[in-house]
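Engineer: here is a sequence with its predicted model. Questions after.
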Amino acid sequence: MTVHTLEDERLTAKADDSTGNIIEAKGIKTYFPIRGGVFRRTIGHVKAVDNVDIFIKKGETLGIVGESGSGKTTFGRTLLRLLTPTDGQIVFNGHDITYLSKSEMRKHRRHMQMVFQDPYASLNQRMRIGELIEEPMYTHNMYKKSERKERVKYLLETVGLPMEATRKFPHEFSGGQRQRIGIARSLAINPQLVIADEPVSALDVSVQSQVLNLMSDLQEEFNLTYLFIAHDLSVVKHISDRIGVMYLGKMMELSPKKDLYVNPLHPYTKALLSSIPKPNPKAKKERIVLKGDIPNPSNPPSGCVFRTRCPEAYKRCKEVVPAFVEVERDHFVACHLYHKSEEKVK
Amino acid sequence: MSDALLEVKDLKTYFFVEDKIIKSVDGVNFTIKNGETVAIVGESGSGKSITSLSIMGLVPKPNGKIVEGSIKFSGDELVGLPEKKMNKIRGNDIAMIFQEPMTSLNPVFTIGNQITEALLHHQNLKKSEAKKRAVELLKLVGFARAEQIIHEYPHQLSGGMRQRVMIAMAMSCDPKLLIADEPTTALDVTIQAQILELMRDVKKKFNSSILLITHDLGVVAEMADRVLVMYGGQVVEETSVDEIFEKPKHPYTSGLLASIPKIEEERKRLEQIPGTVPSADNFPRGCRFAPRCSKVMPRCTDAPPDLLKVEPDHKVRCYLYELS
Ligand SMILES: Nc1ncnc2c1ncn2[C@@H]1O[C@H](COP(=O)(O)OP(=O)(O)OP(=O)(O)O)[C@@H](O)[C@H]1O
Ligand SMILES: Nc1ncnc2c1ncn2[C@@H]1O[C@H](COP(=O)(O)OP(=O)(O)O)[C@@H](O)[C@H]1O
Ligand code: SF4
Ligand code: SF4
Ligand SMILES: [Mg+2]
Ligand SMILES: [Mg+2]
């Protein structure tokens, strides 16, 4: 076991480099093999993430939205190197971490944490809250025992839970409280990047807003960078600086938040925006209702993967995969409608 | 009261577990008129599902029981009706669709099998007629390849398709009342949009009343004529859909409305209601919302307020509106 040293700190901090990006990912593909037949041979692949480029600036919140199965969780797990990508490159704090081994990842791992969707399943039911929050510090050899205990108290207070909580078990808490515990746990080792995978989806509205506000406060206090995954544009809108929209393993559109709402370009983004029921009975309901379901990701449509549901699809969409290009400043889109000079593949 | 299809009065449905009494539904009153869509909103545990199961005569046994109250459907009392008679009403006059369609479809039978079974059970049809009707119904809910779908099994369909099948089955007997408990909660937004559109179409075609249960105020705005807000097993506010969004009265309703992230508005911090829903076996003595209410007054913690009519078409359970 390595003890956390200043040397590590220097190493990992060195790449506070020119770009100001905490993480950069290029051409990420994460495929899962499908096995079949008598010999369990690989007979195909689920292309859970298929050629995605992204960067996250220090201190910002990047929101990722997409429907179930679009590859959001897989993408988040790949960025944290909980999964190894099939192809592509991930640079974290200036270090190429794409193929680092588990032990090589250790010193980076303490700078990145994940908060999970299901506050019920993600906490070990047999551990007390105090132990749950202390555990990551212990695993990463951080702080002395007495300091760890102090820090547990400090974290509980920060996420708004009573001190008595340390001695209780997860089942004694409500969903919102468990999510606070999950957040306290992920902050225990003082990470730089937090990937939050649908952290409020399982919560009631009134509790959702408590957790979202908490996350904003913590971001300021601890200078955190967030990748915030959601299936609902109205939730990410609130917390994000920029938003990426995924569909069937691909990034369809990526832009500063305001642009995305005021000037959505991709037909899928437009449909997603118009699908959200507005809490206003007098709002005009000009809705783009998409036909059909998300296709099976092991057998995606040729050309543009959205074409089977796209109201604007035309011949070219079936034949050519649209490139992901910057069509306005910081506004990227993968759709033929916006790439007039067809050959301009990035 | 000729146009009242369903009248629920002082309904109390409790669960008796060990030494606890869980007051899931604790004095609920409301009426649904012919052709009307009434939405019940509230957070999880507020008693929405148990209200609808009480109407259907499906309160989980043996612990659950309707301990008081009356449920009249077209003037006939449903509480205490023998199982055989209730069974006839279920599926003929009242149909229900649930949040997770997979659990309500039988995995070992084909879709066609299950729809024809339902049709044969409730209507005097020949088998061949039932099969033809099943295909018609599937077409009605948007299956272009209905002839093939009838040979498929539930697991071969997506969540949205299964929910469409459930709607087809629910409509198979032309019910007067459709109860939909969180019909789109498990679905993605683009699929939710399809299902809501379908429910509106179906309603128009069959002129049925709908009791729609949801926690999503966006869905309420889109679908409902009237709204009941439930909190802690009780209705805390009831009025028309326009009123609830324009002039909410109960502090809980206002808090809920304010805490939804709205996509048109830019706001740094969300409004939030502190605390959590009280547990149904241990409600506060006074107003059940008092521990979370920003407007709480001394009397609020003494005795519970009643649901009172404060305007011709607006009821609210809160001392702020009660002239003392
Ligand atoms: N370990 C795995 N083995 C095989 N396929 C997988 C695995 N994990 C994910 N997949 C598949 O990859 C695709 C993307 O899954 P992922 O969980 O990333 O989606 P998601 O966008 O997070 O969806 P949700 O909104 O439902 O959480 C899906 O088709 C899924 O079935
Ligand atoms: N089978 C059951 N046994 C005991 N308690 C139950 C049962 N079903 C529901 N309850 C309790 O009844 C209350 C209301 O539940 P429910 O109607 O399902 O809420 P909602 O649908 O509004 O989320 C909750 O406190 C819940 O825990
Ligand atoms: S490339 Fe074609 S199918 Fe794809 S989103 Fe654009 S118009 Fe639609
Ligand atoms: S009765 Fe009192 S505590 Fe209850 S909602 Fe009204 S003001 Fe708040
Ligand atoms: Mg996921
Ligand atoms: Mg329910």
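Structural biologist: Happy to help now that I have it. This structure is a prediction, so every number in the text was calculated from the model and none was measured. Ligands and ions are numbered 1, 2, ... in the order given.

Engineer: which residue ranges form the strands in the stretch 151-300 of chain A?
Structural biologist: Secondary structure of the stretch 151-300 of chain A by DSSP state E, counting those that start in this stretch: the strands cover A:193-197, A:225-230, A:242-247, A:250-256.

Engineer: neighbouring strands for the first one, and are they parallel or not?
Structural biologist: Going back to what we said before, that points to strand A:193-197. With DSSP bridges as the test, strand A:193-197 is paired with strand A:112-115 (parallel), strand A:225-230 (parallel).

Engineer: give me the residue from chain B nearest ligand 1.
Structural biologist: residue B:188 (7.8 Å; CB to the nearest ligand atom). C-beta coordinates here come from the backbone N, C-alpha and C atoms, glycine included.

Engineer: report the separation between the closest residue to that residue other than its chain neighbours and ligand 2.
Structural biologist: Spatial nearest neighbour of residue B:188, chain neighbours left out: residue A:67 (3.9 Å); criterion: CB to CB, 6 or more residues apart in numbering or on different chains. For residue A:67, the distance to ligand 2 equals 24 Å [CB to the nearest ligand atom, to the nearest Å].

Engineer: pretty sure residue A:67 contacts residue A:247?
Structural biologist: Yes: using CB atoms under 8 Å as the test, residue A:67 is close enough to residue A:247 to be in contact (7.3 Å).

Engineer: which of the two has more neighbours?
Structural biologist: residue A:247 (26 against 22; other CB atoms under 10 Å in any protein chain shown).

Engineer: measure the more buried one to ligand 2 for me?
Structural biologist: Separation of residue A:247 from ligand 2 (CB to the nearest ligand atom): 31 Å.

Engineer: report the contact partners of the residue lying closest to residue A:205 once chain neighbours are set aside.
Structural biologist: Nearest-residue entry for residue A:205: residue B:259, 5.5 Å, with adjacent residues in sequence omitted and distances by CB to CB, 6+ apart. Neighbouring residues of residue B:259 by CB atoms under 8 Å, 6 or more residues apart in numbering or on different chains: A:205, A:206, A:208, A:209, B:270, B:271, B:272, B:273.

Engineer: thinking again about what came up before, per-residue pLDDT, the residue nearest to residue B:188?
Structural biologist: Note for residue A:67: predicted pLDDT of 88.

Engineer: name the helix or strand for it, please.
Structural biologist: Per DSSP states H and E: residue A:67 is located in neither a helix nor a strand.

Engineer: then the one 10 residues further on?
Structural biologist: Using DSSP H and E, residue A:77 falls within helix A:72-79.

Engineer: which non-adjacent residue is nearest residue B:192?
Structural biologist: Spatially, and ignoring its direct neighbours in sequence, residue B:192 is nearest to residue B:184 (4.0 Å; CB to CB, 6+ apart).

Engineer: got it, and residue A:283?
Structural biologist: residue B:221 (7.2 Å).

Engineer: can you give the distance of the helix or strand encompassing the one you found from its chain's centre?
Structural biologist: Residue B:221 is part of helix B:217-223, with elements assigned from DSSP H and E. Centroid separation for helix B:217-223 versus its chain: 13 Å, with CA atoms, centre = their mean, to the nearest Å.

Engineer: could you do stretch A:296-306 as well?
Structural biologist: With CA atoms, centre = their mean, you get 22 Å for stretch A:296-306.

Engineer: for stretch B:51-65, same thing?
Structural biologist: 14 Å.

Engineer: list the buried residues of that stretch.
Structural biologist: B:51, B:52, B:53, B:54, B:55, B:56, B:57, B:59, B:64 (16 or more other CB atoms under 10 Å in any protein chain shown).

Engineer: let me know the helix or strand that the nearest residue to the first one once chain neighbours are set aside is in.
Structural biologist: Translated: residue B:51. Excluding the flanking residues, the one nearest residue B:51 by CB to CB, 6+ apart is residue B:25, at 5.3 Å. For residue B:25, the host element (DSSP H and E) is strand B:20-33.

Engineer: can you name every helix or strand that the helix or strand just after that strand contacts?
Structural biologist: Next helix or strand after strand B:20-33 toward the C-terminus (DSSP H and E): strand B:37-41. With contacts defined as 3 or more CB pairs under 8 Å, 6 or more residues apart in numbering or on different chains; DSSP states H and E, strand B:37-41 has these neighbours: helix B:48-56, strand B:209-214, helix B:217-223, strand B:226-231.

Engineer: reformat these as JSON lines; add distance to residue A:143 and mean pLDDT.
Structural biologist: Listed next are those as JSON lines, based on distance: least, CB to CB, whole Å; pLDDT from 0 to 100:
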{"stretch": "helix B:48-56", "distance to residue A:143": "46", "mean pLDDT": "94"}
{"stretch": "strand B:209-214", "distance to residue A:143": "46", "mean pLDDT": "96"}
{"stretch": "helix B:217-223", "distance to residue A:143": "44", "mean pLDDT": "94"}
{"stretch": "strand B:226-231", "distance to residue A:143": "43", "mean pLDDT": "97"}
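
Engineer: could you dump the ones you listed to CSV with distance to residue B:122?
Structural biologist: Output for these, formatted as CSV (distance: least, CB to CB, whole Å):
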stretch, distance to residue B:122
helix B:48-56, 15
strand B:209-214, 19
helix B:217-223, 26
strand B:226-231, 29
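
Engineer: those: which one's closest to residue A:269?
Structural biologist: Nearest to residue A:269, of all the helices and strands packed on strand B:37-41, is helix B:217-223, at 18.2 Å by CB to CB.

Engineer: now do the contacts for the residue nearest to residue A:210 when sequence neighbours are not counted.
Structural biologist: In space, and not counting its chain neighbours, residue A:210 is closest to residue B:272: 4.8 Å by CB to CB, 6+ apart. Residue B:272 makes contacts with A:206, A:209, A:210, A:213, B:255, B:259, as judged by CB under 8 Å, 6+ apart.

Engineer: report the helix or strand with the lowest average pLDDT across chain B.
Structural biologist: Lowest mean confidence among the helices and strands of chain B (mean pLDDT, DSSP states H and E): helix B:101-104, at a mean of 68.

Engineer: could you point out which element follows that one?
Structural biologist: helix B:111-122.

Engineer: does that next one reach chain A?
Structural biologist: No: Helix B:111-122 stays clear of chain A (CB under 8 Å from any CB of the partner chain), getting no nearer than 15.6 Å.

Engineer: now do the buried residues in that helix.
Structural biologist: B:111, B:112, B:113, B:114, B:115, B:116, B:118, B:119, B:122.
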